[in-house]
Structures are given as structure tokens and as C-alpha cells.
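**Student:** I would like to see how this sequence folds:
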Amino acid sequence: MKKMSMMAAMVAVAFVSACGNTADGVKKDTENAAEATAETADKAAEKTSEAAANTGAAVDAAMQTADVKTALIADTRVDASDINVDTNKDTKTVTIHGTVPTAAMKTLVGEVAVDKAVGFRVVNNLTIRSK
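**Tutor:** Predicted coordinates for the structure are as follows:
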């Protein structure tokens, strides 16, 4: 009977000890999961911020293209019928392509583009077509 009581006591100590270890393990697992969740949330917030910045840059570039094209069409001194405007958001560059009838018009188109594309570099790739 004494052996049974001793055995029961040892089992009880082992059980209590095991429960304590399990509780500590659950606590540690919960802490690890919380840290991982926080890290994931931080990364997600960073990616969202980057995406918003890229979208803003793309909208800014599209606005530059529209502003330059509109200014060229509105300027009565410019024949904008064969002029294309492209904008690169990454390099902040507005590039003008196409043909114009004179060197003076090529220069004028470049000046209009520079006035409208504030903060962007303008590349004038227009060619002069002879009549």
C-alpha cells in the first residue's frame, strides 16, 4: 500500500510538472505567434505604403503627359498633329516624339513642354520634316 501511495504521489508530481511545462510552452508559443503576427503586419504596412507611392508616381506621370499634350494642342503656334508625348515615372522624364515642319517649331514645342512638365526632364526627339 505504501508503494501504491508512493507511486501515486510520483505520478501526481509528474502530472503537475508536465502541466506546468505545457502551460509554459503554450505561453511561449502564444508570444512567438504574437511576434510573428506583428512582423507580418509591419511588412504588409510597408508594402501598402510602397504601392501607394508607386501609384502616386504613376498618376503624377500621367498628369504630366496630359498637361504637356493639352498645352501643345492649345498653343496656336504649334502644329501638334504629329507629336506624341510619353512620360517615364521612374526617371521623371517627358519625351516628345514625332515630326514638325521647322526647327523653330521643334524649339517652341520643347519650351512648351519644359514649362508644363515642372519637376520632369524633357527629351525633345522631334524630327523636322521638309515640305
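**Student:** all strands of this protein, in order?
**Tutor:** 83-88, 93-100, 121-124, 127-128 (DSSP state E).
**Student:** Save those strands as CSV, and put in mean pLDDT, distance to Thr48 and mean neighbour count too.
**Tutor:** From N, CA and C alone the C-beta is placed, and that goes for glycine too. Listed next are those as CSV, based on pLDDT from 0 to 100; distance: least, Cβ to Cβ, whole Å; neighbours: other Cβ atoms under 10 Å:
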stretch, mean pLDDT, distance to Thr48, mean neighbour count
strand 83-88, 92, 24, 18
strand 93-100, 95, 27, 18
strand 121-124, 96, 30, 16
strand 127-128, 95, 44, 11
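**Student:** Need those in CSV (columns: distance to Thr55).
**Tutor:** CSV is the format used below for the strands of the chain (distance: least, Cβ to Cβ, whole Å):
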stretch, distance to Thr55
strand 83-88, 15
strand 93-100, 19
strand 121-124, 22
strand 127-128, 34
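**Student:** Arg77: which of those strands is closest?
**Tutor:** strand 93-100 (11.2 Å; Cβ to Cβ).
**Student:** Sheet partners, orientation included, of the closest one?
**Tutor:** When sheet partners are counted by DSSP bridges, strand 93-100 sits next to strand 83-88 (antiparallel), strand 121-124 (parallel), strand 127-128 (parallel).
**Student:** Show me the shaky parts of this protein.
**Tutor:** Within the chain, the segments meeting pLDDT under 70 span 1-26, 33-34, 36, 38, 41, 44-45, 49, 51-54, 56-57, 131.
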